[in-house]
Structures are given as C-alpha cells and as structure tokens.
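K.L.:
Model the structure of this input:
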Amino acid sequence: MTEPLGGDPFASSPSASSLEPARVSSLTAWIMFGLTAIAIAVAIVGRLFPFALTLDLVALWPLPGLAVLIVLLSRWLPRAVRLIAPALLVGWLLIGVVWWSVGSPTPPSASADVVGSADLPASVAIAVEVDGELVLGGGADALYSVTPGRRGGSAGAPDVLEASEGEVLAMRVVEREDSGWFRSSGWTMQVSDAPTWEMHLRATDVDLDLRSLRVSGIEVFGDGTVLLPRVAGTAEAVISGNIVVSVPADVPVRVVGEAVVPTGWTATDDGSASPASGTGGWVIVVEGPGVQLVDR
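P.N.:
So this is what the prediction gives:
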C-alpha cells in the first residue's frame, strides 16, 4: 500500500518563494541605478549639466569603488549586503550632482573659476568676449570673479589678462583654447563697486545689472537686458542687438539712432531724448534695430 506523500503538490516551493522578493529588490535597485545614470548622461549631452560634472563624480571614486568590491565578493556575501552595491551607485550619482549644484566645499568642477586681486585700482578698462551668456553685476569683494555657467554649452573657461597703463588697469577676459572639460553656457561675473569702469562687453546673451557700479562708458553687443547706473557727468553707451536698456527716470538720456523709447520722450534730429532735466546723463548710441529703452 502506497503511503500518501502529504502537502499540496501545486504549492510553490519554500526556497523559490523566499528567493523571489530578494531577486525583485535587487533587480529594482539595479534598474534605479541604470535610469539615474541614463538621466545624468542625457542631461550632460543635452547641455543641461556641464561636462565638468564628471570631474566631481570621479572625485567621489570611493563610492563606486566600494560598490564594485561588493559585486566581486557577492558570492560570499549575504543577499542584504549585495543590495548595497546599486544603492551606493545611485547615491554616488546623486551626491555628485548635489555637490556640483551647491558648490560647497569647492568641487573639482569649480577649478576653472577665476578670482581677482583684493587690491582695487581707481580705474579699470575691461573687455569681455564670450560665445555664450554673460551675467554681470557688482558687489564683489575682490576686483572681480568669473564663474563658468551652470549649464553645458560651447563657451570656454575664462582667462583673464591684465596690464597696467598708467593709473588705469586694462583687463581682457577671453575663452581659454584648452578649455576641455570646462565648456559651459557662458560666464557669471561679479566686479567691485569701488573702481570706475569702462566696459566693452560682447556675448551671445547678456544680463547686465550695473546699478551699483561707477561706469564712465560702455559698449554692449548681444541680446538681453542692461540696467544702466546713475552717472555723475556724461557717459556714453554704445548698444547693438536685441537689448532692453533700463535707465534711471531722473537721469537725462539722449538717444542717437532708432530705438523704442518710453511715452513722453521727445523726438530729436538724430534720435530722442528723455524728459529728465539736468546736466550730464547718458548718451546712448544705437547701432542697428532691436533696442528698447525703459524707465525705472
């Protein structure tokens, strides 16, 4: 007589059921790492992130190094420990992005930043040319600081050339030919409020807030916005591009050329003039169409 074997012949084996959650968790963790890596790679290729982000990831090598070690020793490790490997890799990528975006403590991607001297001359003549965006404002503690943009692009890392011409410091900020990893969307620049500035600025896009600066003259070539400061005497601004120029409402402004001006301005033989009275003020020479002036 045959003895019944007992149990449900259609029930899943205990070993298979116990392995399934671990396998699913491991697969999910590795999928998360793959998707995170693909997302960052697409962001770099699409210029949302600069290529220099990879330098920060390389600097965090102990995290992927430990993950690789866990994978190599996985045969002798418990299942729970094996899950640490993809978790470490996901954390490595996210920590690298956060380190780059916060910038403190200084990541390797910030090694292309340039900071000027703490010695402040009385007068500075500066020329800036970049194949990208230029964001410039005052308030710097040093004479200047130049930081590559936070997005990827074709603009090279900044290189500052200085030469003294009597009492005037002549500066030229250009793109380094050997920029390599440090190409970005452009530059963010801060300058000191102490000197008197004469500026020649050329960029694809400009965002210039000069309200706190003393400016004796300026030339701007590009598209974007310019906030001009008050001037003690007469200063000339040469503007070319699709640019919105903001001027103080209480400063006399004379426009030479064709530009869109606020209501209430007076037409002149060679352009227009603001209703503000007084001596000095801005003489704005418009080269080409696309310039608009607004009061503030």
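K.L.:
what does the domain assignment say about this structure?
P.N.:
Using automatic domain parsing, the domain parsing of the chain gives 14-109, 112-295.
K.L.:
looking at those, which is buried most?
P.N.:
domain 112-295 (a mean of 18; mean count of other C-beta atoms under 10 Å). For glycine as for every other residue, the C-beta is placed from the backbone atoms N, C-alpha and C.
K.L.:
what comes into contact with stretch 65-81?
P.N.:
22, 26, 82, 84-86, 88-89, 92 (C-beta atoms under 8 Å, 6 or more residues apart in numbering).
K.L.:
pLDDT (mean, whole number) over that stretch?
P.N.:
For stretch 65-81, the per-residue pLDDT values average out at 86.
K.L.:
do the same with stretch 259-270
P.N.:
Here the average pLDDT along stretch 259-270 is 93.
K.L.:
pLDDT weak spots in this structure?
P.N.:
1-24 (pLDDT under 70).
K.L.:
At which residues are the helices of it located?
P.N.:
14-45, 53-59, 62-72, 79-82, 84-102 (DSSP state H).
K.L.:
Nearest to Asp159, out of these?
P.N.:
For those, proximity to Asp159 was assessed by C-beta to C-beta; helix 53-59 is nearest, at 18.6 Å.
K.L.:
can you pull the contacts of Asp113?
P.N.:
Here Asp113 is in contact with 145-148 (criterion: C-beta under 8 Å, 6+ apart).
K.L.:
Try it again at 6 Å.
P.N.:
Counting by C-beta atoms under 6 Å, 6 or more residues apart in numbering, Asp113 touches Thr147.
K.L.:
ditto for Pro50
P.N.:
152, 184.
K.L.:
rerun at 7 Å
P.N.:
Neighbouring residues of Pro50 by C-beta atoms under 7 Å, 6 or more residues apart in numbering: 109, 148, 151-152, 183-184.
K.L.:
Any chance of the residues you listed in a markdown table with distance to Val45 as columns?
P.N.:
Formatted as a markdown table, the contacts of Pro50 follow (distance: C-beta to C-beta, whole Å):
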| residue | distance to Val45 |
| --- | --- |
| Ser109 | 17 |
| Pro148 | 18 |
| Arg151 | 12 |
| Gly152 | 8 |
| Arg183 | 13 |
| Ser184 | 14 |
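K.L.:
Noted, bye for now.
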